[in-house]
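Asks: how would this look folded up:
(chains A and B)
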Amino acid sequence: MISTGAKKQIDAWIAKYPKDRQSSAVMQALKIVQAENGNRLNADTIQAVADYLNMPGIAAQEVATFYENYNHKKVGKYVIRFCHNISCMLNGADDLIAHLENKLGVKTDEVTSDGLISVKKVECLGACVGAPMFQINDDYFENLTIDKIDKIVDNLK
Amino acid sequence: MADIEMEIDGKVVSAKVGEMLIKVTDREGVSVPRFCYHKKLSVAASCRMCLVDVEGAPKPQPACSTPVAQGMKVHTQNDKAKASQKAVMEFLLINHPLDCPICDQGGECELQDVAVEYGSDVSHFSEGKRIVSDSDIGALIQTDMTRCIHCTRCVRFGLEIAGMMEMGGTGRGEHLKIEPFLREGIQSELSGNMIDVCPVGALTSKPFRYELRSWQMNSIPSIARHDLVGSNLFVQTYKGKVKRIASADNDWINETWISDRDRFSYEGLTHKNRLLKPQIKVQGQWKQVSWKVALDYAVKGLNSHVLKHKKANQLGGLVSSTATMEELYLLKKILTEVGCDNIDHRLNIKNLDNIITLDSNIKLDALEKIDYALIVGANIRLEQPMINHRLRKATKKGADIDVLNVMEFDFNYPLNAENITAPNKIASTLAGVLKSIMTNNVQELPNYLATIEVDEVANNIAVKLLNSSSSVIILGEHIINNEDASAIANLATIIAQSTNSKTLNLSITANTIAANLVGFVPQNSGMDVNTMLASEMRGFILLDIYPQHDFHHLETVVKAFTPDDTFVISLNSFKDDIITGYSDVILPIASVYETSGTQFNVNNDMQSYTAAVKAPDEVKPAWKILKVMADLLELPGFHYADSTQVLAEISHQPHTKHTHDGHINFTNKHNGIGVIWQNSPYSIDAVLRHSSTLQKTKIGQMNSACMNQASAEILGLSNNDKYLGVPVVITDTVADDCVFINTNHAINIQEQA
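Replies: All right, here's what the predicted structure looks like:
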């Protein structure tokens, strides 16, 4: 379930924490395992991470469902994580999300038919200074407007 | 910790520095509402219901996580405290459904009670309430998670008490829900306690679902009868039927927890297989008759087959381990009065010259304070869940636990070393431990240790025992039929003496301690059970015996009971074809919670209980039946009005004490495969075997003959085969030369060739 390469990466994280506290590496371990399993997690992969870190499955599940950077459904090549928390919401995030959904023809948590893009509504990403904002894979895009969104999305190919 | 003085609602009270405020208010009888706080669990401080006003603090403080200090002034009832409590209550009720009329928790619900006192009649919240989908978490616990207020008591119970985190809070914010992972259901042997700790109707008893409103039932204190602890509990009854069991507090015995076995066994009482009327066999035909006819027939039969011929020495009395102390005493008294010395309760021991004699000299609450335990031959978590819980608490305080078992079992705490050893090597390993200890103490070695080799396992255990200041050696059920049983027990005693350790004998269960105290073992030159079964007997009186579960040589037993001129009186609670096959009279007896009686636990606490319900139909308590039989036999001294008079008489008798011969003789020459057989944890007595919901659980379904590949090859077995009728499971967790059978079925283990 977890490849040797992934185990090596997880071990590097475990080494950063005190002995017998390997479960502290759970967030990184879930991220690593998600990356090598089609960018999503399921009950088996979560259990495998829990077993590897010697913690109860439900404890790993708690982490995996609390944070929105873990995907439990099929996602596209590009995952747009749109912040809809307070600062972004006050700056019009809801309208922008509606625009994005219309433009792509998908609802939140769905994938475009070509499998390229999926949209998620997430809580604060810590970039309130540039609200409204979203994150595509590892990059932040701030001060969004309808025009800006159109340009960014059109460039995703 | 030093005492301090503080003020609660204007009253000066004393407390210990650092104690949490809620402990002080509870002790002083000041009512502070709470949901997440539970006295036996860690503090979460998540529900905020216990907010109180502390002078000097700008905001109200949660009583459950505020340590007290000298001179602190607390107000639990002023405007500030009341306003915060009312506000929190309103928040908690935002998403809580108004389904109290169909909620099983109704009437005994903490949320309901607190809402009466602190709730508001109107809510500011007019949006829609959230709904949470339920998952099936097993046969015992019903979930209605929309009612959940996220107090996390069940999550903390799993993590801290059951030792397996099964429930957890998934999602976040409004999507937070409490659920188990993977939908495989809750597996813990203590899971039913989540029903008790849940302050709302989110987790309720599944077998009890929609049966009754809680206030319709009577609650009668009683004692659990399935293990050596005798957990205190409440039997909740309605119109003469047991409807539910809830735990009772007793820090000395079960704290506030009970095992699932004790909680759900009551279902067996109403099983369709209950024996309801007395029956006699006349010329091979069974007839239901009145009590008078049945007892006359029984007494006439005893007279004509046994007593008239002065053949009391060919009469035998056998009892099961679940009999009450009064029943044991009365049956022994009857048999002694008619001149019969053949009595025994040790039904499942192959060789009664090779038995375990071991005192239990450690109390339950001391068990959690030990620093080292050696467990020999026990799957302790499933066999004695409440004792295991105490050991788990000890490990949390740093105790080391070593195991010497024939197979790997699930433990809910980390072990220091899990040593897996063939049954015929256990004695030599313990001898090695003793040799190592005596060598260390520069003592002269007895002859039997001369040729013993001390291996690493033995040496490590010896070092642990020598270095520990409070240790215990625990001997379990898997040793009872070990070829070296007696030597193992004696070695345990001597090792304990040389290292100042305590011993705990878990090779027995239920009320066996009472049977030993009453002396329900062969008297004078009377026969033991195995001798009786091999002799030509003229009569038997059998108390609650089910041969295919209680013995492991069924054919011998049936052969001994069956002959025409052997008159068999069976007192049983449940129907059984084998019993009808050999008996001449079957008398229906009251089962658990239907009779008064007395139970002895491993603390040597004598716990008496009254009947919580009347036995169904014509069923009578066994002590009454035995008393009337004695009267009909015209025996003197049976004028008891109730069972407490029997108990009073017992307490004036000298208690029988086993003498400890200390003789150690083990040959270590027996080869071949050792078979260890036990009933699965939910099949150890007749009520449990008829408890339908317990039988559906994973523990109830345990039925396997485990062995490793090498043993399977010797026996010519593979994974799809059966061994003695039990499915074979090949696993490398079993020691060499060993088959470990754990079954929920009746089986017949004859002597192996």
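
Asks: and the residue of the stretch 501-650 of chain B that's closest to chain A?
Replies: Going by C-beta to the nearest C-beta, chain A is nearest to B:Leu506 of the stretch 501-650 of chain B, at 28.0 Å. Any C-beta I mention is one placed from the backbone N, CA and C, and that applies to glycine too.

Asks: equivalent analysis for the stretch 651-753 of chain B, please.
Replies: B:Lys698 (16.2 Å).

Asks: need the contact list for B:Asn342.
Replies: By C-beta atoms under 8 Å, 6 or more residues apart in numbering or on different chains, B:Asn342 lies in contact with B:313, B:315-317, B:335, B:522, B:526-527, B:532.

Asks: re the thing from before, now the residue of the stretch 501-650 of chain B closest to chain A, what are its backbone angles?
Replies: phi -110, psi 20 (degrees, to the nearest 10).

Asks: nearest residue to it other than its sequence neighbours?
Replies: B:Gly476 (4.8 Å; C-beta to C-beta, 6 or more residues apart in numbering or on different chains).

Asks: could you check the pLDDT of the closest residue to B:Val54 other than its chain neighbours?
Replies: Distance criterion C-beta to C-beta, 6+ apart; nearest residue to B:Val54, sequence neighbours excluded, is B:Gln61 at 4.8 Å. pLDDT recorded at B:Gln61 is 96.

Asks: what bridges to B:Gln61?
Replies: Beta-bridge pairing of B:Gln61 under DSSP bridges involves B:Val52.

Asks: got a list of what residue 23 touches?
Replies: Let's take chain A. Counted by C-beta under 8 Å, 6+ apart, A:Ser23 has contacts A:53-55, A:59.

Asks: hmm, no, I was thinking of chain B.
Replies: Applying C-beta under 8 Å, 6+ apart, we find B:Lys23 in contact with B:15, B:39.

Asks: how is it assigned, secondary-structure-wise?
Replies: Under DSSP: H, G, I helix; E, B strand; the rest coil, the three-state class of B:Lys23 is helix.

Asks: related to what we said a few turns ago, neighbours of the residue of the stretch 501-650 of chain B closest to chain A, how many?
Replies: By other C-beta atoms under 10 Å in any protein chain shown, 25 other residues sit near B:Leu506.

Asks: also the one 5 residues further on?
Replies: Neighbour count of B:Asn511, defined by other C-beta under 10 Å: 28.

Asks: how about the one 3 residues further on?
Replies: Summarising burial for B:Ala514: neighbours were counted as other C-beta under 10 Å, giving 25.

Asks: is it correct that the residue nearest to B:Val54 is in contact with B:Val32?
Replies: No: counting by C-beta atoms under 8 Å, B:Gln61 does not reach B:Val32; the two are 11.2 Å apart.

Asks: and for these two, which residues touch both?
Replies: The contact lists of B:Gln61 and B:Val32 share B:Val52, where a contact means C-beta under 8 Å, 6+ apart.

Asks: those two: who's more crowded?
Replies: B:Val32 (23 against 20).

Asks: let me know the secondary structure of that one.
Replies: Recorded secondary structure, B:Val32: coil (three-state DSSP).

Asks: follow-up on the earlier one: B:Val602 versus the residue of the stretch 501-650 of chain B closest to chain A, what's the distance?
Replies: 8 Å (C-beta to C-beta, to the nearest Å).

Asks: what's the answer for A:Asn54, then?
Replies: 33 Å.

Asks: just the contacts of A:Ser23: which are in strands?
Replies: Using DSSP state E, no member of the contacts of A:Ser23 falls in strands.

Asks: tell me which of these fall in helices.
Replies: Secondary structure from DSSP state H places A:Ala59 of the contacts of A:Ser23 in helices.

Asks: identify the farthest-apart pair in the contacts of A:Ser23.
Replies: Using C-beta to C-beta, these span at most 10.5 Å, a distance reached by A:Asn54 and A:Ala59.

Asks: my guess is B:Pro67 contacts B:Gly18, does it?
Replies: Yes: contact criterion C-beta under 8 Å: B:Pro67 and B:Gly18 qualify, at 5.0 Å.

Asks: so A:Phe34 is in which element?
Replies: That one is not Phe; residue A:34 is Gln. Under the criterion of DSSP states H and E, A:Gln34 resides in helix A:26-35.

Asks: also B:Glu713?
Replies: Short version, using DSSP H and E: B:Glu713 is in helix B:709-715.

Asks: so what touches that helix?
Replies: B:673, B:707, B:718, B:723, B:728, B:730, B:732, B:734, B:736-739.

Asks: run the last query once more with 7 Å
Replies: Helix B:709-715 has contacts (C-beta atoms under 7 Å, 6 or more residues apart in numbering or on different chains) with B:673, B:718, B:723, B:728, B:730, B:732, B:736-739.

Asks: scan these and report the most crowded one.
Replies: For the contacts of helix B:709-715, neighbours tallied by other C-beta under 10 Å; top is B:Val739, 27 neighbours.

Asks: quick one: mean pLDDT for the host helix or strand of that residue?
Replies: Element membership for B:Val739 (DSSP H and E) is strand B:738-743. Taken as a whole, strand B:738-743 has an average pLDDT of 94.
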